[in-house]
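Enquirer: Here you go, sequence then predicted model.
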Amino acid sequence: MLASIQIGAASPVVEYLKLSTDVNNGYAITSVEEKISNSADTAVEDQFSFLIPEEAFISGFSLIIDGKEYRADVLPKEEASEKFESAASEGRTAGLLETKDENLFAYALSFEPGQSIVVKLTYEQALKKTLGEYELIQFTGSGKPAGNLSIIININSENQLTRLEVPDFPAAEVEYLSANSGQVRYESNSLPPSELRVVFETENPPLNGNMLFFENGDEGYFMHVFSPEETDLGTSAMDKEIVFVLDKSGSMEGYKIEQVKEVFGKIIEDLPPGDYFNIIFFDSTVQSYSGTLMEANPEEKAGALDFVNSLEANGGTNINGALLTALGMFGPESERVPIIVFLTDGEPTEGVVSPYAIRQNIKDANTAQVSIFSIAFGIEDESNYQFLRAMSLENYGTAEWFSPEANAAEEIGSFYETISTPLITDMNFSYSGEVTELVNTGEKNLFAGSDAIVLGKYSTGAGSIRADVAASTRTGDRDFSKEFAVTPKAANSFIPRVWAYTTINSLLDRIEVEGENEALVSEITGLALEFGFVTPYTSLFVELPETANPEPTDAVNEEVAEEIMEIPATEEETFEDETMSAPFAGQSKPSSSSYDRNAVYEGELAEEPVEEAEKEATPGFGIFFAMSGLFGTVFGFRKK
């Protein structure tokens, strides 16, 4: 969770770190509080960093100094930056927090002798239901001495809580508080260099789903959770047509191609009867195992395995040709669910190489509405990953990043599991009454063990809302309908934030596909300001009153400010952490290495004591910086 980069002669210590999370029906709000103290007899400056989970939004930040709490405000990004620059240039104590695609949050503090500062951070995230379970990660590792760690995680669900576990963390206490709630507790006098992973399952909602309500004044919010299982449907998962499109260009040579053979060999072996499949490998050219889709019988699967194991990596990267070949194997008349699993580690270098032209070609050719799931296998270039993500989003799929240094075969296999058993397809949600501003977390297909959540607004005073879900299952077209009585509850006060969180993510996905435009940016900014989220278009800004900083900021702080704001990005600068499988958060951004939470500053800032005269100039703390995911442009970390 915490790493230290010391600038002064002595390093402050973390007296305690408190993590508190409330999970309500899959939406988690986490508060982090830590007390940091300088026991030295000289003033000290130190820099710290937090990891927050992928896809989390920071929603609050404050400091408590000498018993007074200073809270940051969410402002439009440009306004926050201008305020910060103005305060810094005039020597006033101020702080800025921005997000730039990653899940690393960093800040710098200066301490008087014997001074303690309490730092508070809040972040929020929607947990995804995968293969029937939810997973919550709490990062707990630290590069600093610590006096005490305490973690409390409260789980609440509309449906029964059937399982709550903390794998790989046996010292954590698990308690079931009621049929619908549970709690995880952990205390220690030191910070373990690991992460706490909480896994829980809840009973599935009824066939037609649950609907929760909350009203705030004259505005109502609802949350419709739709997650039927095979037993609810009275039928099994749908058959699928699936084509694996796999990169075997020269950059895949060695460890990468061996992992691809391992994971996709296992996937092919496990294809169920009734599925149809094919395998396409590509480099400068395109090689298909068969000219058509084949039934997943033992003979065809054995031949496909021989084809996979015989290939070697070489040549360029013809993405356009490979995907068009794959799309040509699907027919719109098929009753099976069409899927492409596309894996690549690089950018297009052969055939059509323009990402925009490739996207247009694929979209035009996808008349069968095939879901394209892209696996970015160690891609380092941000723009190339964004191309893959946009292509998948506009073709009914998603993109995931995997590190080839990690246990990629296992992780890619787990990802495949989540898309391998389609239960329902072509879902369409509609609601009666004055329901507006709908946003859906699901795709057009619902896979086993996942859920689709629709959120929206309604006019208060409504007695009921009817939900209709038109969809296709293995046994044909079905309509799932139910009239839900509107029963607002105070316990559902989290729903407006889930609605805002989901809407912002949906708009960010649209920007990924459509490009940035004024209307989308304005809508994201407005929601982020209303609900207090830090996004690519909003930032947190905090400034101490003049009385808390009566004299100009000391020379050391000015030097730190200048260096932090001006350190140029280089190809060598990044963070590294071996515990993370992918360096992405929210709008994911690839990195050429993982992060190290215990990294030490390697830049050129002098490590020397702050003089007595400088100490007197800062009764509270010096210029305070908080920035999220600066991708190597802030503290000058080096690649390993």
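Expert: That came through, no problem.

Enquirer: Do a quick rundown of the helices in the stretch 301-450 of the chain.
Expert: Secondary structure of the stretch 301-450 of the chain (DSSP state H, counting those that start in this stretch): helices at 319-327, 355-365, 382-393, 408-418.

Enquirer: Show me what the third one is packed up against.
Expert: It refers to helix 382-393. strand 337-344, helix 355-365, strand 371-377, strand 399-402, helix 495-514 (3 or more CB pairs under 8 Å, 6 or more residues apart in numbering; DSSP states H and E). Glycine gets a C-beta too; all of them are placed from N, C-alpha and C.

Enquirer: just checking, what packs against the second one?
Expert: Using 3+ CB pairs under 8 Å, 6+ apart as the contact criterion, the secondary-structure elements in contact with helix 355-365 are helix 319-327, helix 382-393.

Enquirer: Can you add mean pLDDT and distance to residue 356 and give those helices back as TSV?
Expert: What follows is these, written out as TSV (pLDDT from 0 to 100; distance: least, CB to CB, whole Å):
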stretch	mean pLDDT	distance to residue 356
helix 319-327	98	11
helix 382-393	94	8
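
Enquirer: quick one: buried residues of stretch 329-338?
Expert: Buried residues in stretch 329-338, counting neighbours by 16 or more other CB atoms under 10 Å, are found at 329, 330, 336, 337, 338.

Enquirer: Reformat the helices and strands packed on helix 355-365 as a markdown table; add mean neighbour count and distance to residue 507.
Expert: As requested, the helices and strands packed on helix 355-365 are exported to a markdown table (neighbours: other CB atoms under 10 Å; distance: least, CB to CB, whole Å):
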| stretch | mean neighbour count | distance to residue 507 |
| --- | --- | --- |
| helix 319-327 | 24 | 27 |
| helix 382-393 | 20 | 12 |
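
Enquirer: Dump these into a markdown table; add distance to residue 29 as well.
Expert: As requested, those are exported to a markdown table (distance: least, CB to CB, whole Å):
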| stretch | distance to residue 29 |
| --- | --- |
| helix 319-327 | 40 |
| helix 382-393 | 27 |
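
Enquirer: which stretch among these comes nearest residue 158?
Expert: Residue 158 lies closest, by CB to CB, to one member of the helices and strands packed on helix 355-365: helix 382-393, at 29.6 Å.

Enquirer: Next, the angle helix 319-327 makes with that closest one.
Expert: 20 degrees (axes from the mean of the first three to the mean of the last three CA atoms, to 10 degrees).

Enquirer: how much distance is there from helix 382-393 to the middle of the chain?
Expert: Centroid separation for helix 382-393 versus its chain: 15 Å, with CA atoms, centre = their mean, to the nearest Å.

Enquirer: CA atoms only: put that helix into PDB for me.
Expert: As requested, the backbone C-alpha atoms of helix 382-393 are provided in PDB (Å, rounded to 0.1, in the frame of the first residue of the first chain):
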ATOM      1  CA  GLU A 382      -0.300   3.000 -24.800                       C
ATOM      2  CA  SER A 383      -1.700   4.000 -28.200                       C
ATOM      3  CA  ASN A 384      -1.600   0.400 -29.400                       C
ATOM      4  CA  TYR A 385      -3.400  -0.900 -26.400                       C
ATOM      5  CA  GLN A 386      -6.100   1.900 -26.800                       C
ATOM      6  CA  PHE A 387      -6.500   0.700 -30.400                       C
ATOM      7  CA  LEU A 388      -7.200  -2.900 -29.300                       C
ATOM      8  CA  ARG A 389      -9.500  -1.700 -26.500                       C
ATOM      9  CA  ALA A 390     -11.500   0.600 -28.800                       C
ATOM     10  CA  MET A 391     -11.800  -2.200 -31.500                       C
ATOM     11  CA  SER A 392     -13.100  -4.600 -28.900                       C
ATOM     12  CA  LEU A 393     -15.600  -2.200 -27.400                       C
END
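
Enquirer: contact partners of that helix?
Expert: 101, 342, 344, 346-347, 355, 358-359, 362, 372-374, 376, 379, 398-399, 401, 509, 512-513, 588-590 (CB atoms under 8 Å, 6 or more residues apart in numbering).

Enquirer: for stretch 40-56, how far is the first residue from the last?
Expert: 36 Å (CA to CA, to the nearest Å).

Enquirer: Check which residues of it are buried.
Expert: Residues of stretch 40-56 classed as buried: 40, 42-56 (neighbour count, 16+ other CB under 10 Å).

Enquirer: Residue 25 against residue 156, yeah?
Expert: Yes: with contacts counted by CB atoms under 8 Å, residue 25 reaches residue 156, the gap being 7.2 Å.

Enquirer: Where does the prediction get shaky in the chain?
Expert: Along the chain, the parts satisfying pLDDT under 70 run over 1-10, 100-102, 141-146, 191-193, 406, 546-640.

Enquirer: Recalculate using a threshold of 80.
Expert: Scanning the chain with the threshold set as pLDDT under 80 gives 1-11, 46-50, 91-93, 99-110, 140-147, 190-194, 405-406, 442-443, 544-640.

Enquirer: all helices of it, in order?
Expert: 77-89, 230-233, 255-269, 298-310, 319-327, 355-365, 382-393, 408-418, 495-514, 518-531, 555-566, 612-616 (DSSP state H).
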